[in-house]
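A.B. asks: Let's see this in three dimensions:
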Amino acid sequence: MSNNRSGAFLGGLLVGTAIGTLTGILLAPRAGRETRQFLKKSADALPELAEDLSSSVQLQADRLSESALRNWDGTLVRLRESIAAGLEASQQEQQMLETVDFRRSPDIEPPVHDNLR
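C.D. replies: Numbering: from 1, shown residues only. Here you go, the predicted model:
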């Protein structure tokens, strides 16, 4: 379904581009010879323009990739630190619970661990 819509969009884009180009040529304030020379110069400049555009896009993609890697590295470091802090807090809590004498304090009930049954 979306492939059909994409094809219709691209077809409409091409038709619109062709109509716009023809309208521009017909309504141009230059003579036909000048317009053809202008179009030839523009067509000759297209490969260079495409190369510049390609280089620019590649540079932006490289920057984005480097930025994403830096962000990922920072996120990974914070995640490791958080996991380590959580494990340490869990171990401290476990040690604290093990050192409490539950027999002397009737108010405190020992924790129930499924793996100790």
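
A.B. asks: Only C-alpha atoms from now on, for both contacts and neighbour counts.
C.D. replies: Noted.

A.B. asks: by contact count, what packs against the longest helix along the chain?
C.D. replies: The residue-count maximum for a helix in the chain (DSSP state H) belongs to helix 32-99. When contacts are defined as 3 or more CA pairs under 8 Å, 6 or more residues apart in numbering; DSSP states H and E, helix 32-99 packs onto no helix or strand at all.

A.B. asks: what's the average pLDDT for it?
C.D. replies: Helix 32-99 comes out with an average pLDDT of 86.

A.B. asks: can you give me how far it is from the chain middle?
C.D. replies: When distances are taken as CA atoms, centre = their mean, to the nearest Å, helix 32-99 is centred 7 Å away from the chain's centroid.

A.B. asks: Give me the buried positions along the helix or strand residue 14 falls within.
C.D. replies: Element membership of residue 14 [criterion: DSSP states H and E] is helix 2-26. For helix 2-26, a neighbour-count test (16 or more other CA atoms under 10 Å) marks residue 25 as buried.

A.B. asks: any idea how far that helix is from the chain center?
C.D. replies: With CA atoms, centre = their mean, you get 29 Å for helix 2-26.

A.B. asks: So which other helices or strands are in contact with that helix?
C.D. replies: Using 3+ CA pairs under 8 Å, 6+ apart, helix 2-26 sits against no helix or strand.

A.B. asks: Taking helix 32-99 as reference, get the angle to that helix.
C.D. replies: With axes from the mean of the first three to the mean of the last three CA atoms, to 10 degrees as the basis, helix 2-26 and helix 32-99 are set at 150 degrees to each other.
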